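# Here is my input, please return the structure:
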Amino acid sequence: MAIIISCQDGSEFDAGLACQNMAAEAQLLGYGTKILASPTIALNGEKQEEYRQLLSIPEGQSVVAVLLVGTEDTSVSAKTDGVTGPSERSPYEEMVTVLAGSGTDETLKDEETAEE
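Modelled structure (predicted):
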């Protein structure tokens, strides 16, 4: 199922929160969810009026997200499907550089004490 999230200009943040809450509730009910923003380019594009009528989007509103809700497709392996499966993450050590002297005030105090 696809739920079209639309709002008036200036209410995008609230619409995003509503979408997030719907996704969380669906997950509590045992469904899987995915929030998409990319379809908004087409839905708000040159054929916007056609989509507005087809999807019952209120006049004066634009689409800000599409919430997909459904059940898990267990026939697809998350490891072999490069589109819907999780992506591999780089190790923390490769992605983060800790600079000397950076950290919390407590860390800095501990370093100063050690130097004395």
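# alpha carbons only for contacts and neighbour counts from here, please
OK.
# average pLDDT for stretch 41-50?
Stretch 41-50 carries an average pLDDT of 93.
# Contacts for it next, please.
Stretch 41-50 is contacted from outside by 51, 62-63, using Cα atoms under 8 Å, 6 or more residues apart in numbering.
# Now, the residues you listed that are in strands?
In this view, those that belong to strands under DSSP state E are 62-63.
# Quick check on the contacts of stretch 41-50: which are buried?
Buried members of those, counted by 16 or more other Cα atoms under 10 Å: 62-63.
# Could you measure from the residue most central in space within the chain over to residue 90?
For the chain, residue 35 is the residue whose C-alpha lies nearest the centre (Cα atoms, centre = their mean; 5.6 Å). Taking Cα to Cα, to the nearest Å as the measure, residue 35 falls 24 Å from residue 90.
# Could you do residue 25 as well?
Counting by Cα to Cα, the gap from residue 25 to residue 90 is 31 Å.
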